[in-house]
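>>> Here is a sequence with its predicted model. Questions after.
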Amino acid sequence: MPKMKTKSGAAKRFKARGSGSIKRSQAFKRHILTKKTTKSKRQLRGTTEIHATNMGHVRDMLPYA
């Protein structure tokens, strides 16, 4: 049986943790930052976890994660 392919775009955006959860980077931090407050930009730092409602879709894109 052939191997399943991983979606390359998803592989660049998501990483699996040891516990099985998947981490992602925050959105809305790329451009048009002048109108955003310092507090909102600070809270967009770092990574967060994939929401449970999206977990099935991300698992389909990353079959070996």
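Thanks, I have the structure now. Since the model is a prediction, treat every value here as computed from it, not as a measurement. Numbering: from 1, shown residues only.
>>> mind checking the SS state of the residue nearest the centre of the chain?
Nearest residue to the geometric centre of the chain (C-alpha atoms, centre = their mean): Arg24, 2.5 Å. Classification of Arg24 using DSSP: H, G, I helix; E, B strand; the rest coil returns strand.
>>> hang on, it packs against Glu49?
Yes: look at Arg24 against Glu49 with C-beta atoms under 8 Å: they come within range, at 7.5 Å. Just so you know, the C-beta spots here come from the backbone N, C-alpha and C atoms, and that holds for glycine as well.
>>> Now do the strands in the chain.
14-16, 22-25, 47-49 (DSSP state E).
>>> buried set for the last one?
This points to strand 47-49. Going by neighbour count (16 or more other C-beta atoms under 10 Å), nothing in strand 47-49 comes out as buried.
>>> Give me the sheet partners of that strand and which way each runs.
Applying DSSP bridges, strand 47-49 is found paired with strand 22-25 (antiparallel).
>>> And the partner strand, what's buried?
Those buried within strand 22-25 under the rule 16+ other C-beta under 10 Å are Ile22, Arg24.
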